[in-house]
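> Just a sequence and a predicted model for now, questions to come.
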Amino acid sequence: MEYVTAVPHPRTPDAGPGRSHGRRSLALALLSGALGAAVALLATRQEWSEGTATVAGGAFPLTARGSDVTGVPAALAIVGLAALVAVFAVRGAGRLAVAGLLALCGAGTVAAAVAGALDSSALDDKAVRAAGDTSATVDALTHTAWPYAAAVGGLLLLLAGLLALRYGRLWPAMSGRYERDGTPRPRRRERPVDPDRPEDLWKALDRGEDPTGA
């Protein structure tokens, strides 16, 4: 009696480490990009600095939100979020370009947030308006941690961009009406119009067809 030994089939390339890395990097990029944009936008709505101005011989408290100091982090966060979505709408060189834009948005957000953490011009302008004196400046200036929170959001956007640059070629793209070779998918064949069915006549008219066949 002969025995047949079963030979295991080799694993397909789709189950290799490349696909696994693509899935993990995709999930990490989506999470870090969305979270980074949300943190940056939230941080710009909070108080970044506070101080006092001398008005009529007394101390007048002043505060400045992130949007008062600079509008760059919020703008770059919105652009970065749009770039994160656009990464999946393009392929090849277009995907690399969008991924580069996403990384630049993250780096720009970090730079603008750190610069804003040391800025006092927004409070100085408020001191001038409060005192009615162009030479007035803010006293007892302090900064909160929110500018650095915005910088953390920028770092997360930067991470998403770097992941897209490194692993973006392994990520899927948005499915559309076209196949991989660029040819349009065949349209589903419509059922012939039955002149005895009013609903078929209306559907034909909606499609711009002549239901009478004339």
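On my side now, so go ahead. Because the structure is a prediction, the values reported are computed rather than measured. Numbers count the residues shown, from 1 in each chain.
> Next, work out how far apart Leu31 and Thr63 are.
33 Å (Cβ to Cβ, to the nearest Å). From N, CA and C alone the C-beta is placed, and that goes for glycine too.
> hmm, I was thinking of Ala130
Relative to Thr63, and taking Cβ to Cβ, Ala130 is found at 12 Å.
> Neighbour count: these two, which is higher?
Ala130 (18 against 14; other Cβ atoms under 10 Å).
> give the contact list for that one.
Ala53, Val55, Phe60, Leu62, Ala136 (Cβ atoms under 8 Å, 6 or more residues apart in numbering).
> Give me the buried positions along whichever helix or strand it is part of.
In this assignment (DSSP states H and E), Ala130 forms part of helix 121-131. Neighbour-count burial for helix 121-131, counted by 16 or more other Cβ atoms under 10 Å, picks out Ala122, Leu123, Asp124, Lys126, Ala127, Val128, Ala130, Ala131.
> May I have the next helix or strand after that helix exported as CSV, CA atoms only?
Downstream of helix 121-131, the first helix or strand assigned by DSSP H and E is strand 139-143. This file holds the C-alpha atoms of strand 139-143, laid out as CSV (Å, rounded to 0.1, in the frame of the first residue of the first chain):
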residue,chain,number,x,y,z
ASP,A,139,3.1,93.3,32.3
ALA,A,140,3.4,90.1,34.2
LEU,A,141,3.3,88.1,30.9
THR,A,142,2.8,84.3,31.3
HIS,A,143,2.1,81.6,28.8
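> The spatially most central residue of the chain and Ser25, how far apart?
Nearest to the geometric centre of the chain sits Leu81, at 1.3 Å (Cα atoms, centre = their mean). Relative to Ser25, Leu81 is positioned 18 Å away (Cβ to Cβ).
> Tally up the residues packed near the residue nearest to Ser121 when sequence neighbours are not counted, please.
Among residues not flanking Ser121 along the chain, Val69 sits closest, at 7.8 Å (Cβ to Cβ, 6 or more residues apart in numbering). By other Cβ under 10 Å, 26 other residues sit near Val69.
> Tell me where this structure is predicted with low confidence.
1-19, 56-57, 135, 174-202, 204-206, 208-214 (pLDDT under 70).
> Could you pull out the helices in it for me?
Taking DSSP state H, the helices of the chain run over residues 17-44, 66-69, 72-86, 93-117, 121-131, 146-167, 198-206.
> ok, Ala131 - contacts?
Ala53, Thr54, Val55, Phe60.
> For those, give me CSV that also has neighbour count and distance to Gly161.
Below are the contacts of Ala131 laid out as CSV (neighbours: other Cβ atoms under 10 Å; distance: Cβ to Cβ, whole Å):
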residue, neighbour count, distance to Gly161
Ala53, 23, 41
Thr54, 16, 46
Val55, 15, 46
Phe60, 17, 43
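> quick one: which of the residues you listed is nearest Leu158?
Among the contacts of Ala131, Ala53 lies closest to Leu158 (Cβ to Cβ), at 36.9 Å.
> Looks like the closest one contacts Ala64 (just checking).
No: using Cβ atoms under 8 Å, Ala53 is not in contact with Ala64; the gap is 11.9 Å.
> For these two, list the residues in contact with both.
With Cβ under 8 Å, 6+ apart, Ala53 and Ala64 have common neighbours Lys126.
> outside of stretch 164-176, which residues touch it?
18-19, 21-22, 25-26, 29, 84, 87-91, 95-96, 98-100, 102-103.
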